[in-house]
Structures are given as C-alpha cells and as structure tokens.
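S.K.: Okay, structure incoming, though there's no sequence with it:
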C-alpha cells in the first residue's frame, strides 16, 4: 500500500478501492462485500504481519475469540477469488499454517504513480506484457487522455466502430486513475429517463418520487459531486446519443471536480459543452497489433508461444488482414490452439475484406469477417448456443441459458458449450458476488449472432425467453413479502433488462403475458425509481391487460398505478384508478379491490387490502409439533416463501394466545390455593 493506504490496496495486476469496495484487475471489475472490505482493510493495514484467527474474530467480526466458526476461512476464500489471479495459489492473502493469515503487498500502487507525474507516469503504471490479460497497445492514447484531463478538459468522448477497443481503453484508464472510478453501462438506455436510471444503478442511488422535470438528473448531479476528483465512464452511449449531451451539460456544472469519459460508436453532439473534446479511435499500430496477437496467443496456448514469436512475419500479415482491430485480433488469437499460422491466414483471405465496411451496423468489415470465419469453425451446438444468446439483454446466468438455449443433441451440456465459446473469445463470462457466473455477448457480436437466426427459430427463441422470465419473475414477485424477499428483489434488479425486453416483445402478440411481466418488474422500479419509468411500465400494463380482456389482471394493474400516483401526489388520478379497479373487480367476482384503499408505495408498489377479522383461537392446544422451515436454494423457495407467510403468522398468533391463557389459568389456581390455606389457618 502507498500513501493512499486508507483507500487504495495495490495488487499485482490491479487495485482495490476500499471506499467503493471495487476491485479492478486489468479492466475486469468486481465488488467486495462490506465484510470482505473490512477484512482486507485490516490485513492490508498490517503488511507482512501474521494476524491470528482470534484477532480477526474480535476485531473484524466483533465475535468472542473463543467462538468456534469457519466464517474466517470462508470469507478468506471468497476474498481470494476476487483479488487473486488463482485463489489456489495466492500471491497476496497467504495462510500462515497454525498461526493465521498475512497480507503480502506489492510495490507502489498504480494510482500513486499516476498522481506523481500525471500523464507522464501512465506507462510506468502499466502491467508487464507477460501478465495474463495484460493491456497491450494504446499507450499513446492513454498518455493523451491523461494529459487532456490534467490540462482541464472535463469530458472526452471516445468514438469509433465496434471492436476497436473503446471500452477496454476506458477501463484501463480507470484502472490507473488516482481517485474513485464509476463505470456506467448505458448500452440499453435509449431515452433520457433510461440514461438517468442506468447511471443511478451504477452509483447505487435511489431516485425518490418526484414529478418535477429533471428531478432525477439533479439527484445524480449531487451524487456525482460527492465523488470529488473521480472518473465517471459512460460506456456505450449509442442508443441514447441524442439525449446524453443535455444530461452531460447539467452534470458538468453540478460536479466541477469530476471527469467524464464517454464511449460511443456514433458522433456525439458536443456543441455548447465547455471543456469537452472528441477523440476518434482507430486500429492499432502494426507493432501493437503483433504484440496483442502474441500476448493473447500465449494465453490460449503457452506451449506454442515460441512458434508465434518466431513467425512474426505471418503474424504481421494476419494482423493486417483484420485491419488491426483489437476485437478481430483477439478472436483470431483464440483459435491459435486449433490451427497453424498459415492455415489462419489462408482462411482469413476468404473471409475478410479490409477495404470494405459494414455501414449498416457501424462496424468495420474486418470484425464481421473475423466473426464469420470463427463462425465457420464452430460445431452445430456451438452455433446454436452462440446465435440464441443474442436474445438476452444484459447477459444471463447458467439457469436461464439452460432454459432458453436449445441444442441439437439431447444430452448436450449448455454450460460446457458456453465454456468453449468463452475460450473462443465470443462469449464474455463474468463472476458475480454470490459466486454465480453470468454470460453475455458484446453488442457488435450480438448483432452478428442475431443475424444467424432464421424467422422460425427467432420466434421460438423469443417464446422460450418470454416463458422462462414470465415464470421466474412471477415467483420472485410473489416472494418479495416473504423470507426470501431480499434475494428476490436482487434477482429482479439483476434481470430487469431481460424482463423488460420480454415485456416489449410480448405487447403485440401476447398482451396478457406482457401485463404479467410488467407487474412483476414494477416492484424494482418502485424501490429504486425513477418514477417516470415506473409510470410508463404501469401505463403499458394497464393497456396490455385491457387488450387481453382480463378483468382481474386489469384491476391489479390499476391498483398498482393508483398506489404509485398517490405516492407521487396525484390523488385525483389515484382515486379514479381505484374506482375503475373496484368496478373491474366487481365484474370479475374478486373482492380484493372492493376492500382495498390507496396506500403509500411499498416494496411491490401494490395496494394493501384490509386485514380480515381474526378468528378467536380454539381453547384446545394443538399437540402437533411446529415444523422447521426447510431451506432450499434460490429461486426454488420463492414460491413457497410467499405461500407460507400467512399460515406461519396465524400459527404464531395462536401459540401466543394459548401461552397467555395458560399463564392466566395458572395464576388463578395459585390465588385459589392461597385463599384456601388462609381460611384453614383461622381459629
């Protein structure tokens, strides 16, 4: 650790920002839990010192040192998976057998090195070329960006075609930035409200209900100002390129110390933005392209590294074939273990046309040709999985992929096929905090994969995607008020993009399913905002339920919208929705809406029915023992948790009443015995 020890922990291939609990290792980011951050801060504050388990229990966990627990071992293992290259062979967090744990630091932090000389120290902070996943090339661009921000430029827009390395360059600059860094993924944000919502999620900001125009943007402006001299990366501003400049203008004024870095494939209108600059990004230089290929080839097959170093002429021709585009180079290098250099160059001759371009998709022909060449090398199951992954938005976990992706072989393992696609650099795998993996396609790769679907396969794929998220989101929404409510809300937040995508696709052909999807995702919007998005979803749910001619579903949607409008202060509209819901409920024979009244917005955004009158419990005590709740994994227990809440509450009330009645009976019997003894003692 350096002089920034209170907030930065340096790693061999990255760093940890303790205030934000963010781990950045060669551009890949992860988040520590609060307990993991406390454990790392305590050990890193004592570099080279062996800390016993008893001390950690007392200082970090606040336990009695005599407590017997394996919590420390489990927390250390989880921490190693996030900060070490290989958790089985740790470099920093070591075990002193029989004594405890010790943290071994590295030299000066990259953040401190950057702070010493500014732009001149960028190259010194770079990882070694031989490191796995090391950043190769773009050193001149890094120095240029650092110099621009040091000279007073507040916003820089990196523009260029897909696959040219905009996001990777932005992540590398964030890795070497001396202050706090926030990455905002705006790939699915097309409107101003969607941009505000995506930035709020990245900043962990809850947008309160406020009907005034621009209220959410003002809240985010204050949050960005709290970052101080930090770097905010707005990644993939393509769909919202028309709405972003107005927000950027407000945030530049609200956060005078922050620096903004934008990546986009389209031209960004910077007129009227002070201290803003656009930086077009092209292909790598010839030498950097050769270096990148050799580095990725070593990772794919280290035993053949000597062959690629010796055949630098063939590598040079291959790099020129793909127009020195980083994504195309990495896809080609991933095939280094399957064929020789000569075979790779011969195949690319037939697939890549350097002079052409794909103007409709905004990507160079080199990327399209390299992807087409890699597609030809896939087997049937890999092609099916690759093309079907394009239906997801924001990625998917293994359970969702297994439910939606259909392979040709009956016993084919979807997880194994995804692993092979990841090894070919076609699918990106990201590890979540709970240990689960998430698979996603880059946007340019997803466009290519979607083109490989015919109409019949696409319709069936969309139906499977909608069916899976309709069931899973319904179970999660039902579990929000039960014991699994926290896990259910986290799952809904993580899958929000997929649920909304299924909702939009279903509005025309399956309105009833569209309404159910909208009502399932609405609790997330009610919890984190913004109100505009919640209102749009609820309006669409009301329209879809009406189109499906489902009175009970329409009443539920109207009740949700009534609660949201009442929380926003629109009492007249809320009352109108409530009356309409009562009329629909009366027609459908559902008494819930006739008893309901508008209330403040809760975790699900729905109205709360009046509690029915409680029955008087029986005087006879039940001899049946209470059964312990059997724990099962998420999302299996979501449905059971919601159903068991009301019955368990009634059982507890009956038991409490029985105990009180027994106590009163015992006290009355004691008083009678005392009166009897008192009378017997009289003369």
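M.R.: Arrived safely, thanks for sending. Note that the structure is predicted; figures quoted are calculated from it, not measured.

S.K.: next SSE after the helix or strand containing residue 158?
M.R.: Using DSSP states H and E, residue 158 sits in strand 155-159. Next in sequence after strand 155-159, counting helices and strands by DSSP H and E, comes helix 166-175.

S.K.: next helix or strand past that following helix?
M.R.: Next element after helix 166-175 (DSSP H and E): strand 181-185.

S.K.: Which other helices and strands does that next one contact?
M.R.: When contacts are defined as 3 or more Cβ pairs under 8 Å, 6 or more residues apart in numbering; DSSP states H and E, strand 181-185 packs onto helix 166-175, helix 192-203, strand 231-235. (Glycine included, C-beta is placed from N, CA and C.)

S.K.: okay, the angle between the second one and strand 231-235?
M.R.: Counting by axes from the mean of the first three to the mean of the last three Cα atoms, to 10 degrees, helix 192-203 points 130 degrees away from the direction of strand 231-235.

S.K.: who's in contact with helix 192-203?
M.R.: Residues outside helix 192-203 that contact it (Cβ atoms under 8 Å, 6 or more residues apart in numbering): 182-186, 188-189, 206-207, 216-217, 219-220, 223-224, 234, 240, 243-244, 246-247, 493, 528-530, 532-533, 536.

S.K.: measure residue 87 to residue 419 for me?
M.R.: When Cβ to Cβ, to the nearest Å is applied, the distance between residue 87 and residue 419 equals 18 Å.

S.K.: Also residue 523?
M.R.: As judged by Cβ to Cβ, residue 523 and residue 419 stand 34 Å apart.

S.K.: Please say which of the two ends up with more neighbours.
M.R.: Each of residue 523 and residue 419 has its neighbours counted (other Cβ atoms under 10 Å); residue 523 has more, 26 against 15.

S.K.: other SSEs contacting the host helix or strand of the more buried one?
M.R.: Using DSSP H and E, residue 523 falls within helix 511-528. Applying 3+ Cβ pairs under 8 Å, 6+ apart, one finds that helix 511-528 contacts helix 455-478, helix 485-494, helix 496-509, helix 531-547, helix 551-567.

S.K.: Return the most buried member of these.
M.R.: Comparing these by mean neighbour count (mean count of other Cβ atoms under 10 Å), helix 551-567 ranks first with a mean of 25.

S.K.: After that helix, which helix or strand is next?
M.R.: Criterion used, DSSP H and E; the element after helix 551-567 is helix 571-588.

S.K.: tilt between that following helix and helix 551-567?
M.R.: Relative orientation of helix 571-588 and helix 551-567, computed by the same axes, to 10 degrees: 160 degrees.

S.K.: Helix 571-588: which residues count as buried?
M.R.: For helix 571-588, a neighbour-count test (16 or more other Cβ atoms under 10 Å) marks 574, 577-578, 580-585 as buried.

S.K.: As TSV, those with pLDDT would be great.
M.R.: TSV is the format used below for these (pLDDT from 0 to 100):
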residue	pLDDT
574	83
577	83
578	86
580	86
581	83
582	84
583	83
584	81
585	77
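
S.K.: Show me how far the host helix or strand of residue 417 is from its chain's centre.
M.R.: Secondary structure from DSSP H and E places residue 417 in helix 414-423. The chain centroid and the centroid of helix 414-423 are separated by 21 Å under Cα atoms, centre = their mean, to the nearest Å.

S.K.: Which SSE is immediately downstream of it?
M.R.: By DSSP H and E, the next helix or strand past helix 414-423 is strand 428-431.

S.K.: Pull up the pairing partners for that next one, direction included.
M.R.: When pairing is defined by DSSP bridges, strand 428-431 lines up against strand 437-440 (antiparallel).

S.K.: For the partner strand, give the mean pLDDT please.
M.R.: For strand 437-440, the mean pLDDT works out to 84.

S.K.: and the helix or strand following it, how far from the chain's centre?
M.R.: Following strand 437-440 in sequence order, the next helix or strand is helix 443-451 (DSSP H and E). Remark: helix 443-451 is offset 21 Å from the chain centroid, using Cα atoms, centre = their mean.

S.K.: Contacts for helix 443-451, please.
M.R.: Outside helix 443-451, the residues that reach it (Cβ under 8 Å, 6+ apart) are 162-163, 187, 236, 238, 327, 361, 363, 367-368, 371-372, 375, 386-387, 389-390, 426, 441, 458.

S.K.: doesn't residue 186 make contact with residue 240?
M.R.: Yes: counting by Cβ atoms under 8 Å, residue 240 does reach residue 186; the two are 6.1 Å apart.

S.K.: Could you list the low-pLDDT ranges of the stretch 451-600 of the chain?
M.R.: Along the stretch 451-600 of the chain, segments meeting pLDDT under 70 span 588-600.

S.K.: cutoff 80 now
M.R.: For the stretch 451-600 of the chain, the stretches with pLDDT under 80 are 455-456, 481, 527-533, 568-569, 585-600.

S.K.: and residue 664, how many residues sit next to it?
M.R.: So residue 664, with other Cβ under 10 Å, has 10 neighbours.

S.K.: I misspoke; the intended subject was residue 665.
M.R.: 10.

S.K.: What's the separation between it and residue 319?
M.R.: 90 Å.

S.K.: Next: residue 251.
M.R.: According to Cβ to Cβ, residue 251 and residue 319 sit 39 Å apart.
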